[in-house]
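Participant: predicted structure and sequence below. I'll ask about it afterward.
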Amino acid sequence: MPVKDGKPDQAYRLDKQIGFILRKASQRHLAIFATGIGDLTPTQFAALAKLHECGPLSQIDLGRQTAMDAATIKGVIDRLRERGLVVTIADKRDRRRLIVDLAEAGRALFAARVDAARAITRATLEPLDAPEQQMLLALLARMAEGRENEPGNGGK
């Protein structure tokens, strides 16, 4: 450990940094997810869940609503379409836009996996009591909302 004025310099410790802690928590969640829903990635499940919630969406809107960039959502949609879980059609008003919707197989798979998804959320939050869980989710949501106001993310 670096020494400053004869004392250990603890001005910056990786294990105390938000990015590091979030990454470790995310890795834990991803491991739980892989065990609970092994046939879909978290991004694929997110796309199915958002389409279930909202109905047909443009590829751009689906990407925005699932916090995926254009390249990521395109890959997710391509893989889901190859598996017969979503269908895509050109927008009637703007043929350059792609509309994405759940296929019947996608509806069925989402319905079959939603209870597992709820269990994954519970398992991820398990180390916390109920008030801590609510507080963590509220604080993370506030942090995530702040991103919308940053340059390059639709903000100033």
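Facilitator: Looks like it came in fine.
Participant: pull the helix or strand with minimum mean pLDDT from this structure.
Facilitator: Lowest mean confidence among the helices and strands of the chain (mean pLDDT, DSSP states H and E): strand 3-4, at a mean of 65.
Participant: run through who's touching the helix or strand encompassing Ser26.
Facilitator: For Ser26, the host element (DSSP states H and E) is helix 18-36. With CB atoms under 8 Å, 6 or more residues apart in numbering as the test, helix 18-36 has contacts from 14-15, 42, 45, 116-117, 119-120, 123-124. Heads up, the C-betas are built off the backbone N, CA and C, glycines and all.
Participant: what do you get if the cut-off is 10 Å, keeping everything else the same?
Facilitator: 13-15, 17, 40-42, 45, 113, 115-127, 136, 140, 143 (CB atoms under 10 Å, 6 or more residues apart in numbering).
Participant: check which residues of that helix are buried.
Facilitator: Using 16 or more other CB atoms under 10 Å as the test for burial, helix 18-36 gives 29, 32-33, 36.
Participant: tilt between the helix or strand just after that helix and helix 18-36?
Facilitator: Following helix 18-36 in sequence order, the next helix or strand is helix 42-54 (DSSP H and E). Orientation check (axes from the mean of the first three to the mean of the last three CA atoms, to 10 degrees): helix 42-54 against helix 18-36 gives 80 degrees.
Participant: average model confidence for helix 42-54?
Facilitator: Mean pLDDT, helix 42-54: 98.
Participant: other SSEs contacting whichever strand or helix holds Pro131?
Facilitator: Pro131 is located in helix 130-147, with elements delineated by DSSP H and E. In terms of contacts (3 or more CB pairs under 10 Å, 6 or more residues apart in numbering; DSSP states H and E), helix 130-147 is packed against helix 18-36, helix 104-125.
Participant: now tabulate those helices in a markdown table and tack on mean pLDDT and distance to Lys50.
Facilitator: Below are the helices and strands packed on helix 130-147 laid out as a markdown table (pLDDT from 0 to 100; distance: least, CB to CB, whole Å):
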| stretch | mean pLDDT | distance to Lys50 |
| --- | --- | --- |
| helix 18-36 | 97 | 16 |
| helix 104-125 | 98 | 10 |
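Participant: perfect, I'm done here.
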